[in-house]
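> Using only what follows, build the 3D model:
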Amino acid sequence: MKVTIHTAKTNLSKLIEAALAGEEVVIAKGNKPMVKLVPLPQGNFRIGLLEDQLTGPGPDFFEPLAEDELVLWEGGR
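Numbering: from 1, shown residues only. I've put the predicted structure just below:
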């Protein structure tokens, strides 16, 4: 579907729904196509995604820092 900028302003919600449904939505200035409205890929974000895949020693972010490291983080020397 090709629509003018004016029509796009007036019907933006409907055009977004059309794009999400898989329809190609092109916004034109006069007869010249300017942009295409496309949906962004939606990923499934999950905390701990690599939990069982990471190995080796690493920092324990829930443990307090050693005093000498804490001083460095706070800008001391």
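> mean confidence score for stretch 62-70?
Averaging pLDDT along stretch 62-70 yields 85.
> Next: stretch 17-36.
96.
> Pull that stretch out as PDB, backbone CA atoms only.
Extracted in PDB, the C-alpha atoms of stretch 17-36 (Å, rounded to 0.1, in the frame of the first residue of the first chain):
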ATOM      1  CA  GLU A  17      -1.300  -2.300  12.300                       C
ATOM      2  CA  ALA A  18      -1.100  -3.000   8.600                       C
ATOM      3  CA  ALA A  19       2.700  -3.200   8.700                       C
ATOM      4  CA  LEU A  20       2.500  -5.500  11.700                       C
ATOM      5  CA  ALA A  21       0.100  -7.700   9.800                       C
ATOM      6  CA  GLY A  22       2.700  -8.100   7.000                       C
ATOM      7  CA  GLU A  23       1.500  -5.500   4.600                       C
ATOM      8  CA  GLU A  24       4.100  -3.400   2.800                       C
ATOM      9  CA  VAL A  25       3.400   0.300   3.700                       C
ATOM     10  CA  VAL A  26       5.200   2.900   1.700                       C
ATOM     11  CA  ILE A  27       4.900   6.600   2.500                       C
ATOM     12  CA  ALA A  28       5.300   8.900  -0.500                       C
ATOM     13  CA  LYS A  29       5.700  12.600  -1.100                       C
ATOM     14  CA  GLY A  30       3.400  13.200  -4.000                       C
ATOM     15  CA  ASN A  31       4.100  10.200  -6.300                       C
ATOM     16  CA  LYS A  32       7.700   9.800  -5.000                       C
ATOM     17  CA  PRO A  33       8.200   6.900  -2.500                       C
ATOM     18  CA  MET A  34      10.100   8.200   0.500                       C
ATOM     19  CA  VAL A  35      10.000   5.600   3.300                       C
ATOM     20  CA  LYS A  36       8.800   2.100   4.100                       C
END
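> ok, residues contacting that stretch?
Met1, Lys2, Val3, Thr4, Ile5, Ala8, Leu15, Leu37, Val38, Pro39 (CB atoms under 8 Å, 6 or more residues apart in numbering). Yep, even glycine has a C-beta here, placed from its N, CA and C like the rest.
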